[in-house]
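> Just to be clear, the model below is a prediction. Sequence and coordinates:
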Protein chains: 2
Amino acid sequence: MPKKTSLKPFFDPKTVAIIGVSREPHKLGNIIFTNFINSGFKGKVYPINPKADEIAGAKCYYNIKAVPESIDLAVVAVPAEIVPRVMRECVAEDVKAAIIISGGFGESGPDGKKREDELRRIIKDSDIRVMGPNCIGIWDGHTKVDTLFFPLDRLDRPREGSISFISQSGASGAAVLDWAAAQGIGMNKFVSYGNMIDVNEIDLLEYLKDDPMTSVIMMYLEQTADGRRLMEVAKRITPKKPIIALKAGSTEAGAQAALSHTGALAGSDQVYDAAFKQSGIVRAYSFDELLDRAFALALQPPAKGDRIAIITNGGGLGVMLADDITHQKIHMAKFDPETTNALRQKFPARVGIDNPIDLTGDANKDSYETALNLVFADPNVDGAVVIILFQLQTIEEGIVDVIAKANKKYGKPITVCAFGGGFAKKCATKLQFEKIPCYPTPDRAAKAMMGLVTYGRKQP
Amino acid sequence: MPKKTSLKPFFDPKTVAIIGVSREPHKLGNIIFTNFINSGFKGKVYPINPKADEIAGAKCYYNIKAVPESIDLAVVAVPAEIVPRVMRECVAEDVKAAIIISGGFGESGPDGKKREDELRRIIKDSDIRVMGPNCIGIWDGHTKVDTLFFPLDRLDRPREGSISFISQSGASGAAVLDWAAAQGIGMNKFVSYGNMIDVNEIDLLEYLKDDPMTSVIMMYLEQTADGRRLMEVAKRITPKKPIIALKAGSTEAGAQAALSHTGALAGSDQVYDAAFKQSGIVRAYSFDELLDRAFALALQPPAKGDRIAIITNGGGLGVMLADDITHQKIHMAKFDPETTNALRQKFPARVGIDNPIDLTGDANKDSYETALNLVFADPNVDGAVVIILFQLQTIEEGIVDVIAKANKKYGKPITVCAFGGGFAKKCATKLQFEKIPCYPTPDRAAKAMMGLVTYGRKQP
């Protein structure tokens, strides 16, 4: 019988106890405490260590009972053997939620399994909600809850956005935040839920369904706690919010690896694939595809069809992108003869006016504007992937407005490829501030568009 | 009858004339001249403009005849109609090589085609070697010849390395340099050869074959000037130097796009595929795969087989990589029982010792060293893809030496995945200085390893 208590105290606690804050700066508990007090979190944070009076200038408490306030969230980072005792104290003190970071449970042999069963018994008849054990816990971009045991100078936290990510994998999942930050992608929540003695991915989906801060849900999973319920819940979510799922272990070798990683009995990949399709989940096949598609879905409307126009100022990248579009099993739009005529009138002979439209190396913002407006006005076009070689001197800053304006005017989705180095990346950032998702390579821009098409197919 | 004169003056001229240097800083000729004098090029550079006495402080010449020295390389950036006259002057003045940047020839309608034929007649009976027209020309990381009309603040030039790149696409090809620079990848030469009225990709392959500065050759092509000769030449090169080729237009839509881009009648993709295989060319399917594989081949020995070990400190990335290895149609190594026993003795129960070896989140350099030495000593292992989540506090700087040492000791290839953001990228740079190619995602590391396997298959 699943518990009914809300998961809110995990994400928006007023009082937090970090249990097991070592004096040594490189130990997990210390890193978590340090991150918490530096993250901008507005609530109270209490470090717990029976052997210290003070840590980093903060008064330290002997145990959770000694804390003068009632605790909303306990973060447990003590050795596995001590976890049961700590959890008994949490239950006794009516702590609302606990994240057990500590490993040494179901994932590590028979003794660990026994300890995990003991934890289940301890929390069984109480209202406490428990994440883990053997997890990284939570990062919340809005409330700044941050239980990630990664120092801030090693793992960047992204800016606040509307993408939330629930991950069966801990460290690899957390590194996605770092990857997102490096690309200027905003995130809302990250949850690594570990061994799932209580909270599982389905509870989290239910929570995110009603979370007004989350507009797109990403999942990394190696197996599901309950396939049927996952589908039921997803079916209720996907008409309102996209879910993008990375199901690892899609090959035999991968499934074998998943078995030893999380004990996942992966099950047939085709079953997952069919289930995802039926419940409107968009599938991704790599961490970058997962984030790339989520980013596109967070910023752009879904595509109403799969006929895509390409506009480029670099012919080679246009050719590559036409290949990429085909590999994604979506279609190069065939322009209406009226569109073709208008393009021919507007552009000199050297400009390729079939799809891809190759504006050639001296294109400027006006050529992009003309081309984009003509193809978006064409009923045979459902979306556009725009390649901009920002390296060319003729590309002015105003191109950002041109793209953003056409995007808003026609309500058709755009993804952009800004191939290259530092300058291209700076320009990409400007586009992203105008809600245009940018990617460094044509295939990533094509795959992101495919995400918008796939989600669009399930929309009424 | 192909010309016999060497291509050396293109790459290592003592005297260069830039013909058509406008006073306006955003015009092509001006950008090229400015880049040339700022690039570190050691020879003499003469700007030519009949209407100016001085440009950017340098004395300007009326025409090439007025220059007091004989010219090794002329860079022609004047309007198309004037190009024939300029080329007649170049021939008359015994210029050794000319790069015609100007467009408006075969690629742009019947008038252009006529002009291009005129150029062919002009150069036919002379010794001058001609690149273009309608090209970007050359960047040489060693001599610093730089005819790229991209400002330095928009397109970064990479550091000097041993990868050379010949590209049928101009702007898109040049942007690969920018992309390489952003990833710390060293390059030797870049050539955009345009409409090929004289020099084509086969001449360039012949030249790079004997170029001691070039250890790896990358090609982007939409069609070949002569398929049979390409194969012949490639067959002589690939036993000594790897060639990685990106053949664009592999799908119908892509082939259509190539037709309008370079007029390439792409021909059947299977024919190219078979030809590449026969002549030992490693194929790539995207710009990043092209560069990723070239980078691996420049730094690492080819693999002697396709049985790959994975070592990771992030379980999820290990699972993804096992999937990626399978998608590349190479194999996860099955360890010798002796290796498995040794791994079991060295590591605690929570460490996954099957392939992938999951060292888990508290791995340090010593665990990587132990694992890497054991798997490389195993005759069933041909190479290793190593995942390092540098975000974890336990990973010390010394890991760089550990990886580099095992790599040298066993002579088996390594590619590394350093997933994440800024800190991971800094660590990747350190590994790259020790000749370990690093990639931000597991699938790119897997694809790079596949390049080492493919090239290795053709080695005796």
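Thanks, I have the structure now. All figures in this text were calculated on a predicted structure; none of them were measured in a lab.
> who's in contact with residue A:66?
Residues in contact with residue A:66 (C-beta atoms under 8 Å, 6 or more residues apart in numbering or on different chains) are residue A:48. To be clear about C-beta, it is placed using only N, CA and C from the backbone, and glycine gets the same treatment.
> Next one: it from chain B, what distance?
With distances taken as C-beta to the nearest C-beta, to the nearest Å, residue A:66 is found 28 Å from chain B.
> Same question for residue A:380.
Distance check for residue A:380 against chain B: by C-beta to the nearest C-beta, it reads 15 Å.
> repeat for residue A:202
Counting by C-beta to the nearest C-beta - residue A:202 and chain B are separated by 19 Å.
> Run a quick neighbour tally on that residue.
Counted with other C-beta atoms under 10 Å in any protein chain shown, the neighbours of residue A:202 add up to 22.
> Distance check, the closest residue in space to it that isn't next to it in sequence against residue A:235.
Once flanking residues are discounted, residue A:202 sits nearest to residue A:229: 5.1 Å by C-beta to C-beta, 6 or more residues apart in numbering or on different chains. For residue A:229, the distance to residue A:235 (C-beta to C-beta, to the nearest Å) stands at 11 Å.
> Going by how many neighbours each has, rank those two and give me the top one.
Counted by other C-beta under 10 Å, residue A:229 and residue A:235 do not tie: residue A:229 has more neighbours, with 17 against 14.
> Point me to the helix or strand that includes that one.
Secondary structure assignment for residue A:229, by DSSP states H and E: helix A:227-237.
> now what about that helix, what contacts it?
Helix A:227-237 has contacts (C-beta under 8 Å, 6+ apart) with A:201-202, A:205-206, A:208-209, A:217, A:224, A:243, A:267, A:271, A:275, A:278-281.
> Tell me which of those fall in helices.
With DSSP state H as the criterion, helices contain A:201-202, A:205-206, A:208-209, A:271, A:275, A:278 from among the contacts of helix A:227-237.
> Just the buried ones from those?
Among those, those buried by neighbour count (16 or more other C-beta atoms under 10 Å in any protein chain shown) are A:201-202, A:205-206, A:208-209, A:275.
> Check residue A:260 and give its pLDDT.
Looking at residue A:260, its pLDDT reads 81.
> Leaving out sequence neighbours, find the closest residue to residue A:224.
Closest residue to residue A:224 apart from its sequence neighbours, by C-beta to C-beta, 6+ apart: residue A:230 at 4.7 Å.
> Could I get the contacting residues of residue A:329?
Residue A:329 neighbours (C-beta under 8 Å, 6+ apart): residue A:450.
> and the helix holding residue A:229, average pLDDT?
95.
> Ok, stretch A:32-46 next?
The average pLDDT for stretch A:32-46 rounds to 95.
> can you check stretch A:165-179 too?
Mean pLDDT, computed over stretch A:165-179, is 96.
> Can you check the distance spanned by that stretch, start to finish?
Counting by C-alpha to C-alpha, to the nearest Å, you get 13 Å between the two ends of stretch A:165-179.
> Would you map out the domains in chain A?
Listed by automatic domain parsing, the domain ranges of chain A are A:8-297, A:301-457.
> export these to a markdown table and tack on distance to residue B:418?
Below are the domains of chain A laid out as a markdown table (distance: least, C-beta to C-beta, whole Å):
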| stretch | distance to residue B:418 |
| --- | --- |
| domain A:8-297 | 10 |
| domain A:301-457 | 16 |
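> Which among the ones you listed is found nearest to residue B:445?
Relative to residue B:445, the nearest member of these by C-beta to C-beta is domain A:8-297, separated by 11.5 Å.
> The lowest-mean-pLDDT helix or strand in chain A and chain B, are they touching?
For chain A, counting by mean pLDDT, DSSP states H and E, helix A:252-262 ranks last in confidence among helices and strands (a mean of 86). Yes - counting by C-beta under 8 Å from any C-beta of the partner chain, chain B is contacted by helix A:252-262 at A:252-254, A:256-258, A:260-262.
> who wins for most neighbours among the residues you listed?
Most crowded among those, counting by other C-beta under 10 Å, is residue A:257 at 33 neighbours.
> Could you verify my assumption that that residue touches residue A:249?
Yes - when contacts are counted by C-beta atoms under 8 Å, residue A:257 is listed as touching residue A:249 (6.7 Å).
> Mutual contacts of these two, please.
Residues touching both residue A:257 and residue A:249 (C-beta under 8 Å, 6+ apart): B:319, B:322.
> wait, what's in contact with residue A:211?
Taking C-beta under 8 Å, 6+ apart, we find residue A:211 in contact with A:164, A:188-189.
> helices or strands up against the longest strand along chain A?
Determined from DSSP state E, the single longest strand within chain A is strand A:160-167. If you count contacts as 3 or more C-beta pairs under 8 Å, 6 or more residues apart in numbering or on different chains; DSSP states H and E, strand A:160-167 packs onto helix A:171-182, strand A:187-192, helix A:201-209, strand A:216-221, helix A:287-299.
> Mind listing what's buried along it?
Neighbour counts over strand A:160-167 (16+ other C-beta under 10 Å) mark A:161-167 as buried.
> Specify which member of those residues is nearest to chain B.
Using C-beta to the nearest C-beta, residue A:167 comes nearest to chain B of these, at 7.3 Å.
> how near is the closest residue to residue A:365 other than its chain neighbours to residue A:386?
In this structure, residue A:365 finds its nearest non-sequential neighbour in residue A:399, 4.2 Å apart by C-beta to C-beta, 6+ apart. Note on residue A:399: its distance to residue A:386, by C-beta to C-beta, is 9 Å.
> OK, contacts around residue A:32?
The contact partners of residue A:32, by C-beta under 8 Å, 6+ apart, come to A:18, A:21, A:75, A:77, A:101, A:146-149.
> how about 10 Å then?
Neighbouring residues of residue A:32 by C-beta atoms under 10 Å, 6 or more residues apart in numbering or on different chains: A:16, A:18-21, A:45, A:47, A:75, A:77, A:99, A:101, A:136-137, A:146-150.
> do you know how far it is from residue A:21?
Residue A:32 is 8 Å from residue A:21, where distance means C-beta to C-beta.
> what sits in contact with each of these two?
A:45, A:47, A:75, A:77.
> In a strand, the first one, correct?
Read that as residue A:45. Yes - applying DSSP: H, G, I helix; E, B strand; the rest coil, one finds residue A:45 inside a strand.
> Much appreciated, bye for now.
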